[in-house]
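# pasting the structure only:
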């Protein structure tokens, strides 16, 4: 009966996508087949659910084996560009400044594009691509948004959507009805106390998919103005920040875009720590909902010295929280009501009425740790048509939850296995290993996929939360592009991608520093 309810729910979701966004059938719409994974969120609704996957099941998941590994240079750091899979091709960017298309079954490179041919300075790819309308859309660490020809990798256009120093695209773009939508953020608040903090403004852009030209822009904060000076005499500006770190999701039936924002960098004001619901045609807000009343944070807020703490806004009154909404929203229907769910670094999963922003329910899944929200919900959750699946990060331990979408009831919860740091490659590094979940959650029928800081990728049962399969990535792997790579903590910024009988993951998280003298890897699994 449960499987039947899930099938009905997924069929209803598919109907909503077809009626609101595309004509019927892949040929009429240009949409990739359902078994593909063409964008960070898998689909417009942000499900991160591979509903059409029928080759990997709870009964045979134990047969999964490593099919190939692709290596990145050691000097480049950890990979964070979640791959996209369309047909027989996997598309992924690297920390080495190269974007690639490879054979999905073998890892053999079909084409590659060097980001250094655009603009100046070194660039990394830290978002996942959207493959649509014959193009591959992605951003870089300098604030450029690219469109490459899907078949050849030839540059169609590149636009620097923000030339503010330190502007970055970690927000994975999403394509809908002729536009590509993407958010922009910045590390300006990490520049130190001798910097005149801060003037960056987060924003969401809608751009023409044919030209890259701006259609509309929504700023998350008003124009910053000088408001006195810092203790060392540097000008103080505000409000600023409220960057958009995560990928937007879109409800095609109402043409509404939903996305979360980050904290202020200095000053107070604007749509920080907020959920935005924007009209996809105009960028006008249908509603906004602030989830944290006050939150202003810069690097000095993590400093223990009283001198540096003078530069932390609001530290004395306890509101330097760093409680971003960096996770991607889920759009779903429960009890006949259209809802939007989103996780926050405070450790709360919020569910709002999609039409009004009214809070329907909230569930505290972890307690904040000192110095910010690293124990909370980081990147994204999954909805399989019946349940929500949410994971917490460094929550001592990080825990995976299955939740009733109608009322927030926790159906089951599975902590990161206690032996994660005493088994496998992590056992060599007890001072590095933590029990937590950097990646976004992914599901396929009967299975939940989540990676850990202990270096293991696991497949859990959707019914019980039991671990059905595990693979230790802290090991050396021969790579299809030559040489040897080495895994580490499963990478944040994305999660497992399940498509056409294969599972793809990035291992080597940039914030968990296991020793590595070889360079990190992308791993591909199949039966």
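Nice, I can see it. Computed from a prediction, not measured in an experiment: that's the story for all the values here. Residues are numbered from 1 along each chain as shown.

# verify the contact between residue 38 and residue 132 for me.
Yes: using CB atoms under 8 Å, residue 38 is in contact with residue 132, at 6.4 Å. Glycine gets a C-beta too; all of them are placed from N, C-alpha and C.

# quick one: pLDDT of residue 176?
Model confidence at residue 176, given as pLDDT, is 98.

# that should have said residue 306, apologies.
The model reports residue 306 with a pLDDT of 87.

# roughly how far does it sit from residue 316?
For residue 306, the distance to residue 316 equals 11 Å [CB to CB, to the nearest Å].

# what's the answer for residue 471, then?
Remark: distance between residue 471 and residue 316 (CB to CB) = 47 Å.

# higher neighbour count, those two?
Neighbours were counted for residue 471 and for residue 316 using other CB atoms under 10 Å; residue 471 has more, 21 against 9.

# now do the contacts for the more buried one.
By CB atoms under 8 Å, 6 or more residues apart in numbering, residue 471 lies in contact with 64, 66, 456-458, 523, 525.

# you'd agree it is in a strand?
Yes: counting by DSSP: H, G, I helix; E, B strand; the rest coil, residue 471 is part of a strand.

# what's across from it in the sheet?
Beta-bridge pairing for residue 471 (DSSP bridges): residue 457.

# repeat for residue 180
Counting by DSSP bridges, residue 180 is bridged to residue 175, residue 207.

# per-residue pLDDT, it?
Looking at residue 180, its pLDDT is 98.

# which residues sit in contact with it?
With CB under 8 Å, 6+ apart, residue 180 has these contacts: 130, 137, 145, 147, 173-174, 206-209.

# out of the residues you listed, the closest to residue 190 would be?
residue 145 (22.5 Å; CB to CB).

# quick one: the closest one from residue 320, how far?
Residue 145 sits 31 Å away from residue 320, taking CB to CB as the criterion.

# same question, residue 488
For residue 488, the distance to residue 320 - CB to CB - is 30 Å.

# okay, now residue 63: neighbour count?
11.

# what's the closest non-adjacent residue to it?
residue 527 (4.9 Å; CB to CB, 6 or more residues apart in numbering).

# give me the next element, helix or strand, following the worst-scoring helix or strand of the chain on mean pLDDT.
In the chain, no helix or strand scores lower on mean pLDDT, DSSP states H and E than helix 26-29, which sits at a mean of 32. Using DSSP states H and E, the helix or strand that follows helix 26-29 towards the C-terminus is strand 65-71.

# give me the contacts around that following strand.
Outside strand 65-71, the residues that reach it (CB under 8 Å, 6+ apart) are 92, 102, 105-107, 471, 477-485, 502, 518-527.

# buried sites along that strand?
Residues of strand 65-71 classed as buried: 67-71 (neighbour count, 16 or more other CB atoms under 10 Å).

# now do stretch 334-342
For stretch 334-342, by 16+ other CB under 10 Å, it's 334, 338-342.

# low-scoring stretches of the stretch 1-150 of the chain, by residue?
Along the stretch 1-150 of the chain, the parts satisfying pLDDT under 70 run over 1-32.

# which residues does residue 125 contact?
80-81, 93-95, 97, 99, 115, 138-141.

# now those residues as TSV including secondary structure?
Formatted as TSV, the contacts of residue 125 follow (three-state DSSP):
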residue	secondary structure
80	coil
81	coil
93	strand
94	coil
95	coil
97	coil
99	strand
115	helix
138	strand
139	strand
140	coil
141	coil
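
# how about the strands in the stretch 301-450 of the chain?
330-334, 337-343, 348-353, 359-364, 382-383, 388-391, 399-403, 410-415, 442-444, 447-451 (DSSP state E, counting those that start in this stretch).

# what mean pLDDT does the third one have?
Predicted confidence along strand 348-353 averages 98 (mean pLDDT).

# when you give positions from now on, start the count at 17
In the new count, where the first residue is 17, that last one comes out as strand 364-369.

# what angle do that strand and strand 346-350 make?
Here the directions of strand 364-369 and strand 346-350 differ by 60 degrees (axes from the mean of the first three to the mean of the last three CA atoms, to 10 degrees).

# for strand 364-369, name the packing helices and strands.
Applying 3 or more CB pairs under 8 Å, 6 or more residues apart in numbering; DSSP states H and E, we find strand 364-369 packed against strand 353-359, strand 375-380.

# for the longest one, same thing?
Counting contacts by 3+ CB pairs under 8 Å, 6+ apart, strand 353-359 is packed against strand 272-276, strand 290-295, strand 346-350, strand 364-369.

# coming back round to it: mind giving me the PyMOL command for buried ones among the contacts of strand 81-87?
A single PyMOL command is used to select the members of those judged buried by 16+ other CB under 10 Å:
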select buried, resi 108+118+121+123+487+493+495+496+497+501+518+534+535+536+537+538+539+540+541+542
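
# flag every buried residue along stretch 443-459.
Going by 16+ other CB under 10 Å, stretch 443-459 has these buried residues: 443, 445, 448-459.

# next: stretch 383-396.
Here stretch 383-396 shows 384-385, 388-396 as buried, counting by 16+ other CB under 10 Å.

# end to end, how far does stretch 446-464 reach?
27 Å (CA to CA, to the nearest Å).

# mean confidence score for it?
Stretch 446-464 shows a mean pLDDT of 97.

# cool, and stretch 204-223?
Here the average pLDDT along stretch 204-223 is 96.

# let's see which of the contacts of strand 81-87 end up in strands.
Per DSSP state E, strands hold the following members of the contacts of strand 81-87: 108, 118, 487, 493-494, 500-501, 518, 537-542.

# biggest separation within the residues you listed, which pair?
Across these, the two lying at the largest distance from each other (CB to CB) are 500 and 518, at 22.0 Å.

# quick one: contacts of stretch 290-299?
Against stretch 290-299 from outside (CB under 8 Å, 6+ apart): 192-193, 195, 197, 220, 222, 232-234, 236, 258, 266, 271-277, 300-307, 341, 345, 356, 358, 366, 368, 370, 373.

# ok, of these, which come out buried?
Using 16+ other CB under 10 Å, the buried ones in those are 192, 195, 197, 220, 222, 232, 234, 236, 258, 266, 271-277, 302-307, 341, 345, 356, 358, 366, 368, 370, 373.

# just the buried residues of stretch 410-421, please?
Buried residues in stretch 410-421, defined by neighbour count with 16+ other CB under 10 Å: 410-411, 413-419, 421.

# quick one: end-to-end length of stretch 488-500, please.
Note: stretch 488-500 ends 16 Å apart using CA to CA.

# give me the contact list for it.
Identification of contacts with stretch 488-500 by CB under 8 Å, 6+ apart yields 82, 84-87, 122-125, 439-442, 444-445, 471-473, 501-504, 506, 521, 523, 530, 534-535, 537, 539.

# how about the contacts made by the residue nearest to residue 84 when sequence neighbours are not counted?
In space, residue 84 comes closest to residue 123 once its chain neighbours are excluded; the distance is 3.9 Å by CB to CB, 6+ apart. Residues near residue 123 by CB under 8 Å, 6+ apart: 83-86, 106, 496-497, 540.

# most widely separated two among those?
The span of the contacts of residue 123, defined through CB to CB, is set by 83 and 497 at 14.5 Å.

# ok, residue 233 - contacts?
Residues near residue 233 by CB under 8 Å, 6+ apart: 219-222, 299.

# wasn't it part of a strand?
Yes: according to three-state DSSP, residue 233 belongs to a strand.

# what residues are bridge-paired with it?
Going by DSSP bridges, residue 233 forms beta bridges with residue 221.
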